[in-house]
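S.K.: Using only what follows, build the 3D model:
(one chain, ligands or ions: 2)
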Amino acid sequence: HQSSGSGSIKPIDARSVHRICSGQVILSLATAVKELVENSIDAGATAIEIRLREHGAELIEVIDNGSGIEPHNFQALTLKYHTSKLADFSDLTRLETFGFRGEALSSLCALAEVSVTTCSAAHAVGTRLEFDTEGLITTKSPCPREQGTTISVRNIFASLPVRYRELMKNLKREYGKLIAMLQAYCIVATGVRISCSNQIGKTPRSMVFASPGAETMKDNVTAIFGIKQTQQLMPFVQLSSSELTAALATTDAGSSQVIFPTFKITGLISKPMAGCGRSSTDRQCFYVNGRPCDMPKLSKVANEIYHSFIAGSFPALFLNLALPSAAIDVNVTPDKRTILLHDEKELVLAFKTCLSAMYEPTRSTFALHTL
Ligand code: ADP
Ligand code: MG
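M.R.: Residues are numbered from 1 along each chain as shown. Ligands and ions are numbered 1, 2, ... in the order given. Have a look, this model is predicted:
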């Protein structure tokens, strides 16, 4: 090994920089599919079909009936930091789309073979485009297509040998994460039909799931996980701020006055009764303003309270946290799964207090039954 001080400092060539950065945006099969599905939803699609081959390792194809892409945008589509969704940095505080950084397609080009077929309303015939690893168009030809866009991603990670080997070694697990992630989108994307199929070898494609794009989260949960799951859930009930303050006054936390931020939690969570929980956290979907994300602190609180009713059991939950967009920062990690919340401590406390208030009446019923 050469010591780091002995050589001169040189720039990394642009190609390598692109590949290094892209590998940080597209971390896994699941993030690749997530980015494509988010683009379809952003394009106003009401039907999205995901076709996988070899669990996505050979092919990920996302077909939508959204706006399509205008010819004048073809080349900018796959250029790094090119987006149609955000023009000015101040727009970040009133974000209404999943995407805004213009990194996904550019990164996918660096990590896989990408082709796009698209047709916008203004055009009678579609266009098929192929891209090289730099995101430059290599072929462009007319192609029949109804309005919408199909994006195909072949042989993902084949250019990153270590990640490719890891992917192939853990393909089933990575595929499991992909499906769970897609289901989280199906549940929150009301009015958007989403289906997923997988083809292995020469066997026919088999349907993994199909969501009808129902009008409520509850109906989507039923469509994806079955009516039994829905029957085990109850609606989340949010206390008003005066009720929260009153509930807290009886606890230690209430000894100092807490100012609660503006928020609204809606959705469903397991009833605190035997047979309603799960043996793991496999069905916990948190959303912030409709964006699926990880909320480890809220998850921990929900699990702890649930354990106090049924030891070793975890709640299923599908909860959306509505917050003023100026109170959140989704730009923390490249995959946007981590969201920074202002007043997080107060939100966690409010969540805990609401959940206890919802669940406690059941505890006394429990006690009566066991008398
Ligand atoms: P971002 O979503 O952050 O803008 P992407 O790299 O994911 O960045 O996409 C770049 C641009 O390509 C988007 O801003 C959008 O204009 C266009 N685009 C991508 N996918 C689609 C799609 N399925 N339908 C229509 N336009 C799309
Ligand atoms: Mg995007």
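
S.K.: Tell me the spatial nearest neighbour of residue 233, not counting adjacent residues.
M.R.: Closest residue to residue 233 apart from its sequence neighbours, by C-beta to C-beta, 6 or more residues apart in numbering: residue 268 at 4.1 Å. (C-beta placed from N, C-alpha, C; glycine too.)

S.K.: Am I right that the one you found is in a helix?
M.R.: No: assessed with DSSP: H, G, I helix; E, B strand; the rest coil, residue 268 is strand; it does not lie in a helix.

S.K.: and it, bridged to which residues?
M.R.: In this entry, residue 268 is beta-bridged to residue 235, residue 318, by DSSP bridges.

S.K.: quick one: contacts for it?
M.R.: 217, 218, 221, 230, 233, 234, 235, 236, 316, 317, 318, 319 (C-beta atoms under 8 Å, 6 or more residues apart in numbering).

S.K.: Residue 175 too?
M.R.: Residue 175 neighbours (C-beta under 8 Å, 6+ apart): 29, 52, 55, 56, 198.

S.K.: Tell me, how many residues neighbour the spatially closest residue to the fourth one that is not a sequence neighbour?
M.R.: Looking back up the chat, that one is residue 56. Excluding its sequence neighbours, the residue lying closest to residue 56 (C-beta to C-beta, 6+ apart) is residue 29, at 4.6 Å. By other C-beta atoms under 10 Å, the residues close to residue 29 number 25.

S.K.: Which helix or which strand is home to the nearest residue to residue 50 once chain neighbours are set aside?
M.R.: Nearest non-adjacent residue to residue 50, counting by C-beta to C-beta, 6+ apart: residue 196, 4.3 Å away. If you go by DSSP states H and E, residue 196 is part of strand 193-199.

S.K.: could you say what helices and strands whichever helix or strand comes after that strand packs with?
M.R.: With elements assigned by DSSP H and E, the helix or strand that comes after strand 193-199 is strand 206-211. In terms of contacts (3 or more C-beta pairs under 8 Å, 6 or more residues apart in numbering; DSSP states H and E), strand 206-211 is packed against helix 171-188, strand 193-199, helix 217-225.

S.K.: pLDDT value on the residue in the stretch 151-300 of the chain that ligand 1 sits nearest to, please?
M.R.: Using C-beta to the nearest ligand atom, the closest approach of the stretch 151-300 of the chain to ligand 1 is made by residue 151 at 6.1 Å. pLDDT, residue 151: 98.

S.K.: Pairing partners for the helix or strand where it lies, with directions?
M.R.: In this assignment (DSSP H and E), residue 151 forms part of strand 148-154. Paired with strand 148-154 in the same sheet, following DSSP bridges, are strand 59-64 (antiparallel), strand 113-119 (antiparallel).

S.K.: what about those, which gets the closest to residue 277?
M.R.: strand 59-64 (33.4 Å; C-beta to C-beta).

S.K.: is ligand 2 contacted by the helix or strand just after that closest one?
M.R.: Note on strand 59-64: by DSSP H and E, the next helix or strand toward the C-terminus is helix 104-111. Yes: using C-beta under 5 Å from the ion, helix 104-111 reaches ligand 2 at residue 104.

S.K.: cool, and stretch 48-66?
M.R.: No: judged by C-beta under 5 Å from the ion, stretch 48-66 stays clear of ligand 2, getting no closer than 11.4 Å.

S.K.: Could you report the separation of the residue of the chain found nearest ligand 1 from residue 81?
M.R.: Closest residue of the chain to ligand 1, C-beta to the nearest ligand atom: residue 99 (2.1 Å). According to C-beta to C-beta, to the nearest Å, residue 99 stands 12 Å off from residue 81.

S.K.: repeat for residue 232
M.R.: From residue 232 to residue 81 the distance is 45 Å (C-beta to C-beta).

S.K.: which of those two has more neighbours?
M.R.: Using other C-beta under 10 Å as the criterion, residue 232 and residue 81 rank with residue 232 on top: 19 against 8.

S.K.: Per-residue pLDDT of the more buried one, please?
M.R.: 97.

S.K.: do the same with residue 135
M.R.: pLDDT, residue 135: 93.

S.K.: Can you name the residues that contact the nearest residue to it once chain neighbours are set aside?
M.R.: Residue nearest to residue 135 in three dimensions, not counting chain neighbours: residue 78, with 3.5 Å by C-beta to C-beta, 6+ apart. Listed by C-beta under 8 Å, 6+ apart, the contact set of residue 78 reads 105, 106, 108, 109, 114, 131, 135, 136.
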